[in-house]
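Peer 1: Generate coordinates for the sequence data below:
(one chain, ligands or ions: 1)
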Amino acid sequence: MICTHSKNYHKGIKFCTVCGAFLSSSGSKTIREQEFLSELHFSPKDVLNELRDLQRFNRFSMSSPYLLYRKVLIEWIFEIGESLNVKVLTIHSAIYIMDTSLSTIDIPVVQYQGVALISLVIASKCEELIDDALEIKDIARFTKIPYNRLKQIELEVLDSIDWRAHRATPLHFLEFYISVGCVFDSDTIKTKDKSKAVRNVRKYSQFFADLCLQESSFLVYSAEELALSFIASGRKVLNIEPLWSSELTELTQTNLNLECCEKMYSLYSQQFLG
Ligand SMILES: [Zn+2]
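Peer 2: Below is the predicted model:
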C-alpha cells in the first residue's frame, strides 16, 4: 500500500498523520503491507523517541560467565514461549531482560533457568494483553526450582533491571520501521511483484532478528543499529538496491553500521548458503 494522504504532515515531522507512512523529502513513497497498518494511536515520532530512550537501559556484560550458557537458555526460552503461545516480541523482550539481569546478578548457575523463566513472565506483562500475561504458576512446571524461590528470583531480576520491565529490543525497532515503511517505490526491485518484495523484506528482517539474538557477539551493538542491519540484510538477500538509500538515512537519521551488517550477513552465509 502507498500513502495517498500527501501533505498531511505533523508540523516538522515527516510522517503521514492518517496512516503513519514515512514521507521522504525526495518524494519517494514507502510501499507497505496493508495488514501491518494499524490505527495511529501515537505519533510515530513519539514512538521512535520512546524506543531510543528505552534502549539506553540495555546494559550487557560481555565478560559475564553467563554467556557460556546463553545459547542453551535462549533455545529453551524459545521452546517454552512457543508452547505457551506468547508473541515472538515477548520472547525477544524476555531474552533482553535475562541478558541484562544475568550480566549483573550473582546467582548459582543451576538457577539461571529460574531467571530465564521469570524474565518471560515479566516480559509477558509488558507485551501481551492483560489476560494473556503469564504468572509464576504458569511457568513453575518447567523447572525444579521451588515456587517460593522463583518468587524471590522475580524480585532479584526486577531489582537488577531497576524495575524497568519495558525493554526496547531490536525487534521493537524493526516493527516500528516496518510499520512506517522501509521499502520505497524508488528502490530497484528485481521482482515485478513489489508487494511480495515488501513482504519478503519483513520476513527476512525478522529471520535475521531471530538469528542474531542467539549470537552474544551482537550484544555489542545497540538495538536500533541491529534493527537497521536486519532491514539492510533483508534487502541484500532480495537484491533490492541500493542497500541503504538516502530515504532510509533520512528516516533513521543515521547511516548503516556496515560492520554489524556484514557480520550478520556472513553468519547467514555460513549457516545457510554453505
Ligand atoms: Zn497516509
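Peer 1: Determine the number of other residues adjacent to residue 213.
Peer 2: Residue 213 has 22 neighbouring residues, counting by other Cβ atoms under 10 Å. In short, each C-beta sits where N, CA and C put it, glycine included.
Peer 1: right, I mislabeled it, should have said residue 56
Peer 2: 11.
Peer 1: For it, report the pLDDT, please.
Peer 2: Note for residue 56: predicted pLDDT of 93.
Peer 1: Tell me the secondary structure of it, please.
Peer 2: Here residue 56 is recorded as helix under DSSP: H, G, I helix; E, B strand; the rest coil.
Peer 1: what's the distance between it and residue 77?
Peer 2: 24 Å (Cβ to Cβ, to the nearest Å).
Peer 1: now do residue 130
Peer 2: 22 Å.
Peer 1: again, but for residue 246
Peer 2: For residue 246, the distance to residue 77 - Cβ to Cβ - is 39 Å.
Peer 1: Between those two, which is the more surrounded one?
Peer 2: Neighbour tally, residue 246 and residue 77, criterion other Cβ under 10 Å: the higher count belongs to residue 77, 24 against 14.
Peer 1: which non-adjacent residue is nearest residue 187?
Peer 2: residue 240 (5.3 Å; Cβ to Cβ, 6 or more residues apart in numbering).
Peer 1: Pull up the gap between that neighbour and the ion, please.
Peer 2: Computed as Cβ to the ion, to the nearest Å, the residue 240 to the ion distance reads 22 Å.
Peer 1: What about that residue, how many residues nearby?
Peer 2: Residue 240: 23 neighbours (other Cβ under 10 Å).
Peer 1: for residue 66, same thing?
Peer 2: Neighbour number of residue 66 under other Cβ under 10 Å is 22.
Peer 1: That one touches residue 111, doesn't it?
Peer 2: No - using Cβ atoms under 8 Å, residue 66 is not in contact with residue 111, being 11.4 Å away.
Peer 1: quick check, residue 195 in a helix?
Peer 2: Yes - with three-state DSSP as the criterion, residue 195 is part of a helix.
Peer 1: mind listing what it touches?
Peer 2: Going by Cβ atoms under 8 Å, 6 or more residues apart in numbering, residue 195 touches 31, 33.
Peer 1: Pull the contacting residues for the residue of the stretch 51-200 of the chain found nearest the ion.
Peer 2: Taking Cβ to the ion, the ion has its nearest neighbour within the stretch 51-200 of the chain at residue 181, 9.9 Å off. Listed by Cβ under 8 Å, 6+ apart, the contact set of residue 181 reads 21, 22, 30, 31, 32, 251.
Peer 1: okay but the last one is in contact with residue 183, surely?
Peer 2: If I follow you right, that is residue 251. No - applying Cβ under 8 Å as the test, residue 251 and residue 183 come out as separate, 11.3 Å apart.
Peer 1: So these two - more neighbours on which side?
Peer 2: Between residue 251 and residue 183, counting by other Cβ under 10 Å, residue 183 is the more crowded of the two (28 against 23).
Peer 1: Spatially, what comes nearest to residue 238 if we skip its sequence neighbours?
Peer 2: Excluding the flanking residues, the one nearest residue 238 by Cβ to Cβ, 6+ apart is residue 200, at 5.5 Å.
Peer 1: burial count for that neighbour?
Peer 2: 19.
Peer 1: Secondary structure element for it, which one?
Peer 2: helix 194-213 (DSSP states H and E).
Peer 1: pLDDT averaged over that helix - what is it?
Peer 2: Helix 194-213 comes out at a mean pLDDT of 95.
Peer 1: Look up how far residue 181 lies from the residue nearest to residue 147 when sequence neighbours are not counted.
Peer 2: Distances taken as Cβ to Cβ, 6+ apart put residue 140 closest to residue 147, at 5.4 Å, once the chain neighbours are dropped. Using Cβ to Cβ, residue 140 is found at 43 Å from residue 181.
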